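>>> Okay, here's the prediction I keep looking at, along with the sequence it came from:
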Amino acid sequence: MDINRKTAYKVLLRMEQTEAYSNIELNAQLKQEQPDSPGFVRELVYGVTERRLYLDFFLAQLVSRGLKKLKAQPLTILRMGLYQIMFMDSVPDYAAVDESVQLARRYCFGQAGLVNGVLRNYQRNKDTLKKPKSVKNVVKRLSYEYSFAPCITKMWLDQYGLDRTREIMEASNETPPVMIRVNPLKTDADTLIARLEENEIQAVRSEDTERILICKGKNILDTMEYHQGLFSVQDEASVLAIEAFKPQPEDLIIDVCAAPGGKAMACAEIMNNTGKIIAFDLYDKKIKHMQEEAYRLGVTNIEASVHDATKLKKELVGQADRVICDVPCSGLGVVRRKPEIKYKKLTNDGKDLAKLQLSILETAAKYVKEGGQLMYSTCTINANENTGVISAFLGKHSNFNLGRNRQLLPNSDGTDGFYYCKMKKRY
Ligand SMILES: C[S@@+](CC[C@H](N)C(=O)[O-])C[C@H]1O[C@@H](n2cnc3c(N)ncnc32)[C@H](O)[C@@H]1O
C-alpha cells in the first residue's frame, strides 16, 4: 500500500473523529510514518479538507444508503479517492481508484466493494450528476461550491453581499504564501535572503512592509536559520497591525492574550529589547512555548505568565503605555492555513464570542495609562467580533478615542483575514 496515501488517510480520519487540527496532526503523522512524498500527503490532506462539502455533494448522489449512515473510515477513503480523480492531475484515475480500494481492504472490512463501486460510478456518470452550481438556494449553493458551513456562508452573505462573499471564499480556498518576519535582533533582510538562497529557498521582500519576506522552496522550519532565530513565520497582516500600533523603545506593553507570542515578539524586536512586555495567556503549556520562542529569537524583555485576561490585575491598572488585546476568535481569516475552521459551528453569528471578547477588552483597557494606546485585534472576518465589539466598547468608554482601524481580507489584501483597531486613552 502506498505510504503517502496511508499517511494522509490517518491524518484525515483523526480530523474526522476527534476534530484534530490539520497542521498538528499532519506534522505528527509525517514524523511517525516518514512518507517518501510529504508534499503529496500535504496536498491530499489540505485538498480534501478544503473541499469536504463539495466532495460530499457528489458522494451523496452515489452512495445509495446516504452519507450519514457511512462510517468515518469508508467516508474518508471515498473523499480521498474522489479528490484525486477531480483535482489531482498528476494521479491517473485508475490509480486513484485502485489505491482507494487497497486502503479500504486494509482499514474497513467489507467496504472495498463499496469504495470501488462508488468511484467507478463517478467516473461513468460524472457528466450527468447534479452540480453545486444548480442548487437554487444561495446559501446551500455557495456552501457546497466553496465548502463553507452554511452558518458562515449565511453570515458573510448578510455582511458582505453575494459578490464579495464569493471573492472571500475563493481567496480563502487558495494556498497561502509562506511569510516570515525578519528578526532585526539577529540579522537583516539582505543577509537573510542570501542565507536562505543557499538553502534553495527563494525569499523576496513584501511590498507592504520591510519586515516581511515571502518565501518559496524547501520547508523553512528545517533550516539552520530558523533554529538560530533569524526569523519567525508570521502572516503580514499581524506585522502591519503591530507597525500601525507603533511600539516605542522603553515602553511598558501589556499583551493580555499573548500566546504563541507572534505580536509580543514583533514588538520586542522593534523595541530592540528595551522597556518591558508583560505577556499573559490562559494556558501554562503555551506560556512555556512562548518562553522557548523568546530564547530562540534572543528576546529578553518579555515577562510571560499564566493569567485569565477577563480578571483584573489591580497592580497594573493605569500603568501601560500600550496594551495589546489580540482576543480568541472564530478564526475565519485563517482558513487558508487551517481549513477545518470552515466547518466549525458559529453559534449566534459569533455574538456569544463577542461577549467574551468585549469582557477581555474592557479589562485590558484598564491597564492603559492616560495618553496611552490600546489595540484590539482578531484573525477573523466577522463584523460582530470586530467593529461590533469596538462599537460596544466605545459606547461605554468615552475616555477612548477611535484611531486607525482596518479589516484586511485575503481577496483584496493578499493577507490572512485580520482586523485591528487602535484606540487612544484621553488625558
Ligand atoms: C489569537 S490568539 C493570540 C495570538 C497572539 N497574540 C500572537 O500574536 O501570537 C488568542 C490567545 O488567547 C488565549 N486566551 C483565550 N482565552 C483567554 C483568557 N481568558 N485569558 C488569557 N488568554 C486567553 C488563547 O490561549 C490564545 O493563545
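Thanks, I have the structure now. In this text, all values refer to a predicted model and were calculated from it rather than measured experimentally. Numbers count the residues shown, from 1 in each chain.

>>> Select the longest helix from the protein.
helix 150-172 (DSSP state H).

>>> Give the pairing partners of the helix or strand that that helix is followed by; include direction for each.
Per DSSP states H and E, helix 150-172 leads on to strand 178-182 as the next helix or strand towards the C-terminus. Strand 178-182 pairs in its sheet with strand 212-217 (antiparallel), strand 231-233 (antiparallel), by DSSP bridges.

>>> Next one: residue 28 relative to the ligand, how far apart?
Distance, residue 28 to the ligand, by CB to the nearest ligand atom, to the nearest Å: 20 Å. Every C-beta, even on glycine, is put in place using the N, C-alpha and C of the backbone.

>>> how many other residues sit next to that residue?
The tally of other residues near residue 28 (other CB atoms under 10 Å) stands at 14.

>>> helices or strands up against the helix or strand where it lies?
Element membership for residue 28, per DSSP H and E: helix 22-33. Helix 22-33 sits against helix 3-18, helix 38-50, with contacts defined as 3 or more CB pairs under 8 Å, 6 or more residues apart in numbering; DSSP states H and E.

>>> Ok, which of those helices comes nearest residue 349?
helix 38-50 (23.1 Å; CB to CB).

>>> what residues does the closest one touch?
Helix 38-50 is contacted from outside by 4-5, 7-8, 11-12, 15, 22, 26, 29-30, 35, 55, 79-80, 83-84, 87-88, 147, 173, 175, 339-340, 342, using CB atoms under 8 Å, 6 or more residues apart in numbering.

>>> Please apply the same query to stretch 178-187.
Contacts for stretch 178-187 (CB under 8 Å, 6+ apart): 188-189, 192, 195, 203, 206, 211-216, 220, 228-236, 239, 262, 266, 268-270, 272-273, 297-299.

>>> quick one: buried residues of it?
178, 179, 180, 181, 182, 183, 185, 186, 187 (16 or more other CB atoms under 10 Å).

>>> Quick check: the most centrally placed residue in the chain vs residue 266, distance?
Of all residues in the chain, the one closest to the mean position by CA atoms, centre = their mean is residue 334, 3.2 Å from it. According to CB to CB, to the nearest Å, residue 334 stands 17 Å off from residue 266.

>>> same question, residue 109
According to CB to CB, residue 109 stands 52 Å off from residue 266.

>>> Around the ligand, pick out the residues from the stretch 101-250 of the chain.
For the stretch 101-250 of the chain, the residues in contact with the ligand (CB under 6 Å from any ligand atom) are residue 238.

>>> distance between the ends of stretch 129-136?
Terminal residues of stretch 129-136 lie 16 Å apart, using CA to CA, to the nearest Å.

>>> what's around residue 17, how many residues?
11.

>>> Helix 150-172 and the helix or strand containing residue 392, what's the angle between them?
According to DSSP H and E, residue 392 maps onto helix 387-396. Computed by axes from the mean of the first three to the mean of the last three CA atoms, to 10 degrees, the angle separating helix 387-396 from helix 150-172 equals 110 degrees.

>>> Count the neighbours of residue 91 for me.
Neighbour count of residue 91, defined by other CB under 10 Å: 17.

>>> Quick check: closest non-adjacent residue to it.
residue 84 (4.5 Å; CB to CB, 6 or more residues apart in numbering).

>>> which residues touch the one you found?
Here residue 84 is in contact with 44, 91, 95, 96, 99, 100 (criterion: CB under 8 Å, 6+ apart).

>>> Can you say which of these are buried?
For the contacts of residue 84, buried by 16+ other CB under 10 Å: 44, 91, 96, 99, 100.

>>> how close does the first one sit to residue 31?
Distance of residue 44 to residue 31, computed by CB to CB: 17 Å.

>>> go on, the third one?
Computed with CB to CB, the distance linking residue 96 and residue 31 is 26 Å.

>>> do residue 364 as well
Plainly put, residue 364 is 38 Å away from residue 31 if you go by CB to CB.

>>> Could the C-alpha coordinates of the worst-scoring helix or strand of the chain on mean pLDDT be exported in PDB?
Least confident helix or strand of the chain, by mean pLDDT, DSSP states H and E, is helix 22-33 with a mean of 93. Output of helix 22-33 as PDB, limited to C-alpha atoms (Å, rounded to 0.1, in the frame of the first residue of the first chain):
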ATOM      1  CA  SER A  22      -4.800  19.800  10.400                       C
ATOM      2  CA  ASN A  23      -1.300  21.200  10.900                       C
ATOM      3  CA  ILE A  24      -0.700  19.500  14.200                       C
ATOM      4  CA  GLU A  25      -2.000  16.100  13.100                       C
ATOM      5  CA  LEU A  26      -0.200  16.300   9.700                       C
ATOM      6  CA  ASN A  27       3.200  17.100  11.400                       C
ATOM      7  CA  ALA A  28       2.700  14.300  13.900                       C
ATOM      8  CA  GLN A  29       1.900  11.700  11.200                       C
ATOM      9  CA  LEU A  30       4.600  12.900   8.800                       C
ATOM     10  CA  LYS A  31       7.100  12.300  11.700                       C
ATOM     11  CA  GLN A  32       5.700   8.900  12.600                       C
ATOM     12  CA  GLU A  33       5.200   7.400   9.100                       C
END
